[in-house]
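In: Any chance you can model this:
(2 chains)
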Protein chains: 2
Amino acid sequence: MIVIAEKLNGSIPSCAKAIAEKDADYIRTYAKKQADAGATFIDVCASVKENELETLKWMIDLVQEVTDTPISVDSPDSRVCLAALPFCKKPGLLNSVSGEGTKIADVFPVIANTKWDVMALLCDDTGIPKTAGKRVEVFDVIMKRAKEYGIAENRIHIDPLVEMLCTSEDGIAMVVEVMSYIKKNYPKVHISGAVSNISFNLPVRKIVNQAFVVLAMNAGMDSAVLDPTNQDLMGMIFATEALLGMDEMCMEYIGAYRQGIFGVKK
Amino acid sequence: MIVIAEKLNGSIPSCAKAIAEKDADYIRTYAKKQADAGATFIDVCASVKENELETLKWMIDLVQEVTDTPISVDSPDSRVCLAALPFCKKPGLLNSVSGEGTKIADVFPVIANTKWDVMALLCDDTGIPKTAGKRVEVFDVIMKRAKEYGIAENRIHIDPLVEMLCTSEDGIAMVVEVMSYIKKNYPKVHISGAVSNISFNLPVRKIVNQAFVVLAMNAGMDSAVLDPTNQDLMGMIFATEALLGMDEMCMEYIGAYRQGIFGVKK
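Out: Okay, here's the model as predicted:
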């Protein structure tokens, strides 16, 4: 499972405060904690109204002081992501593009001949499609463009856009359909998403998040934006990999437990 | 989800002690706790070498002092189950029969014209089949016999026999295949099983159990032997029902939370 660690995000109040107060220790501490907990990428999102690029540089520099884990450069503005790539010592994840506007035309040529991964959201200028069929259409357009630029499938992470369960009439059937399509037709493409969106507005969100991860992994999800210091969630991911036959004799599960990735008394 | 509450079982050391010491309060307390936590049936298993029937009567009487929740009469000896049925004030679950010996021939005619449910294990005189195909063969024989006796599909719970994950090379693929066959061909038959078997010999068993329940429910499981006072597991079941589209707008999930079935600070 590719873990995109989510805690360094200005949309989280404590992180917004740290950014406003230039609290370097906060950034370093969470970068280190998430790296130690098994993050594949450390997501860095400024979520500020002014000086976004400068803030990203400040955050990225601090993260790189304490860990070699690659950065996920996160901004709703793909051009800001592109401008921040040179701050990173090694290739990471550009988070994100989508079918909207000129995002793909801006980003794909720049990363084409690099080792950067890219996150692509299944929405376009019409918004977030309501049906699986329409999301798959957006996906197919993204893959067509990726092929034009020679971006390998295994560098692409697709966020099918998980929406809150509390207003759904058929659970996650639609997003599972999208995931299954991707898995079947492009098995090397990573299926990703922000796990905690599913539980918005519900009580005991962690339980819904955990159950969602299991079902999403069953449908092909192999990448996710989540908090790697959440031991129950990380344990659930290792358990699910074993249950799905991706971990013979549970060696990875047992190894992660021995490393303290989950199951440590708190 | 049909919850067969597992705590009153002489194979659990504290329960064995209570049985040996005739500790009536222990039996009453766990019966009440499990009923309050949302049990559909209270499983009662003596697991004693001598006086099994007498012990079952003692336990069943105590359970019925504190709750109206139906009993799951549990013995490896189907004839002991049959002999204990008259102790129950209302129809419950006979746990269990299988393809072994004369179990079906003994039990099915007796319960045919009653309202008793029955648990059937997918093993026979050759033991526990190693392949999905062989288990399905046992299942088909059981269903053929049920039809002969006019036992409705929705009175039958099938335990496909979940085995420990730690020695598996392909996770739960085989048991999922059996569940999927049952679900497709006999949608009214309940798919059941003892959840905690899956995690035998692994660390942090509760995480493996929880992930297993989610995947098993996805494959059609709608009945399970488990501990309803395990709030995280119960929460996971309600969350999964919502994710699988069986709980519009999460009303059941939210209702169970409000009733204190899960999410209560401990």
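
In: Okay, residue A:116 and residue A:91: tell me how far apart.
Out: Distance from residue A:116 to residue A:91, counting by CB to CB, to the nearest Å: 5 Å. Just so you know, the C-beta spots here come from the backbone N, C-alpha and C atoms, and that holds for glycine as well.

In: And these two? Which one has more around it.
Out: Taking neighbours as other CB atoms under 10 Å in any protein chain shown, residue A:116 and residue A:91 compare with residue A:116 leading, 22 against 15.

In: ok so residue A:82 is a helix residue?
Out: Yes: according to DSSP: H, G, I helix; E, B strand; the rest coil, residue A:82 belongs to a helix.

In: element containing the residue lying closest to it once chain neighbours are set aside?
Out: Excluding the flanking residues, the one nearest residue A:82 by CB to CB, 6 or more residues apart in numbering or on different chains is residue A:110, at 5.6 Å. Secondary structure from DSSP states H and E places residue A:110 in helix A:103-111.

In: Summarise which helices and strands that helix is packed against.
Out: helix A:78-84, strand A:93-99, strand A:117-124, helix A:132-148 (3 or more CB pairs under 8 Å, 6 or more residues apart in numbering or on different chains; DSSP states H and E).

In: Would you mind pulling the contact partners of the third one?
Out: Spelled out, it's strand A:117-124. Outside strand A:117-124, the residues that touch it by CB atoms under 8 Å, 6 or more residues apart in numbering or on different chains are A:4, A:72, A:91-100, A:104, A:107-108, A:111, A:128-129, A:135, A:138-139, A:141-142, A:151, A:155-161, A:178, A:190, A:192.

In: List buried members of the residues you listed by neighbour count.
Out: A:4, A:72, A:92-100, A:104, A:107-108, A:111, A:129, A:135, A:138-139, A:142, A:151, A:155-161, A:178, A:190, A:192 (16 or more other CB atoms under 10 Å in any protein chain shown).

In: For the helix holding residue A:110, list the C-alpha coordinates in CSV.
Out: Output in CSV follows, covering the C-alpha atoms of helix A:103-111 (Å, rounded to 0.1, in the frame of the first residue of the first chain):
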residue,chain,number,x,y,z
LYS,A,103,-4.1,21.3,-15.7
ILE,A,104,-3.1,18.3,-17.7
ALA,A,105,-1.7,20.4,-20.5
ASP,A,106,0.3,22.3,-17.9
VAL,A,107,1.6,19.4,-16.0
PHE,A,108,2.1,16.4,-18.2
PRO,A,109,4.7,17.9,-20.5
VAL,A,110,6.8,19.1,-17.6
ILE,A,111,6.8,15.8,-15.7
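
In: any idea how far the residue most central in space within chain A is from residue A:208?
Out: Centroid-nearest residue in chain A, with CA atoms, centre = their mean: residue A:225, separated by 3.4 Å. Computed as CB to CB, the residue A:225 to residue A:208 distance reads 16 Å.

In: cool, residue A:172 as well?
Out: Applying CB to CB to residue A:172 and residue A:208 gives a distance of 10 Å.

In: Closest residue of the stretch 1-150 of chain A to chain B?
Out: residue A:1 (12.8 Å; CB to the nearest CB).

In: Help me confirm that that residue comes into contact with residue A:241.
Out: Yes: counting by CB atoms under 8 Å, residue A:1 touches residue A:241, with 6.8 Å between them.

In: Need the overlap of contacts for these two.
Out: residue A:217.

In: doesn't residue A:83 make contact with the residue nearest to residue A:82?
Out: No: contact criterion CB under 8 Å: residue A:110 and residue A:83 do not qualify, at 10.2 Å.

In: about what we covered before: can you list contacts of the helix or strand containing the residue nearest to the centre of chain A?
Out: If you go by DSSP H and E, residue A:225 is part of strand A:223-226. The contact list for strand A:223-226, computed with CB under 8 Å, 6+ apart, reads A:1-6, A:40, A:43, A:157, A:159, A:190-196, A:209, A:213, A:216, A:233.

In: Over to stretch A:132-141?
Out: Under the criterion CB under 8 Å, 6+ apart, residues A:98-99, A:122-124, A:129, A:158, A:160-161, A:174-175, A:177-178, A:181-182 lie in contact with stretch A:132-141.

In: Could I get the average pLDDT for that stretch?
Out: Mean pLDDT, stretch A:132-141: 97.

In: again with stretch A:7-20
Out: 98.

In: What lies in contact with stretch A:55-64?
Out: A:8, A:10, A:19, A:22, A:24, A:27-28, A:31, A:42, A:44, A:46, A:48, A:69, A:71, A:73, A:75, A:80, A:84, A:87-89.

In: mind listing what's buried in that stretch?
Out: Buried, per 16+ other CB under 10 Å, within stretch A:55-64: A:55, A:56, A:57, A:58, A:59, A:60, A:62, A:63, A:64.

In: Out of the residues you listed, which sit inside strands?
Out: Among the buried residues of stretch A:55-64, the subset assigned to strands under DSSP state E is empty.

In: near chain B, which residues of the stretch 51-200 of chain A show up?
Out: A:165, A:166, A:167, A:168, A:169, A:170, A:171, A:172, A:173, A:198 (CB under 8 Å from any CB of the partner chain).

In: State the distance from the nearest residue to the second one once chain neighbours are set aside to residue B:35.
Out: Spatial nearest neighbour of residue A:166, chain neighbours left out: residue A:201 (4.6 Å); criterion: CB to CB, 6+ apart. To residue B:35, residue A:201 is 31 Å away according to CB to CB.

In: Likewise for residue A:260?
Out: 39 Å.

In: more neighbours, the two?
Out: In this view residue A:260 and residue B:35 are compared by other CB under 10 Å, and residue B:35 has more residues nearby, 19 against 12.

In: Any regions of the stretch 51-200 of chain A where pLDDT drops low?
Out: For the stretch 51-200 of chain A, not a single residue meets the criterion pLDDT under 70.

In: Which residue would be the closest one in it to chain B?
Out: Closest point on the stretch 51-200 of chain A to chain B, by CB to the nearest CB, is residue A:171, at 3.4 Å.

In: Name the nearest residue to that residue, sequence neighbours excluded.
Out: residue B:245 (3.4 Å).

In: That neighbour: how many residues sit nearby?
Out: By the criterion of other CB under 10 Å, residue B:245 has 16 neighbours.

In: secondary structure element for it?
Out: Under the criterion DSSP H and E, no helix or strand holds residue B:245.

In: you'd agree it is up against residue A:170?
Out: Yes: the criterion here is CB under 8 Å, and residue B:245 meets it with residue A:170 at 4.0 Å.

In: what sits in contact with each of these two?
Out: Between them, residue B:245 and residue A:170 share no contacting residue under CB under 8 Å, 6+ apart.

In: quick one: the strands in chain A?
Out: Counting by DSSP E, chain A has these strands, from start to end: A:2-5, A:41-45, A:71-74, A:93-99, A:117-124, A:156-159, A:190-191, A:223-226.

In: could I get those strands as a markdown table with distance to residue A:237?
Out: As requested, these are exported to a markdown table (distance: least, CB to CB, whole Å):
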| stretch | distance to residue A:237 |
| --- | --- |
| strand A:2-5 | 8 |
| strand A:41-45 | 15 |
| strand A:71-74 | 18 |
| strand A:93-99 | 18 |
| strand A:117-124 | 19 |
| strand A:156-159 | 16 |
| strand A:190-191 | 14 |
| strand A:223-226 | 8 |
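
In: Indicate which one of those strands is closest to residue B:186.
Out: Residue B:186 sits nearest to strand A:190-191 of all the strands of chain A, at 32.4 Å, using CB to CB.

In: who does that closest one pair up with?
Out: strand A:156-159 (parallel) (DSSP bridges).

In: ok, residues contacting the strand it pairs with?
Out: A:2, A:93, A:96, A:117-122, A:139, A:142-143, A:146, A:182, A:189-194, A:223, A:225.

In: before we move on, what about stretch A:178-188?
Out: Contacts for stretch A:178-188 (CB under 8 Å, 6+ apart): A:122, A:132, A:135-136, A:139, A:143, A:152-154, A:158, A:160, A:189, A:191, A:216, A:219-221.

In: Narrow these to those that are buried.
Out: Judged by 16+ other CB under 10 Å, buried ones among the contacts of stretch A:178-188: A:122, A:132, A:135-136, A:139, A:143, A:158, A:160, A:189, A:191, A:216, A:219-221.

In: Sounds good, over and out.
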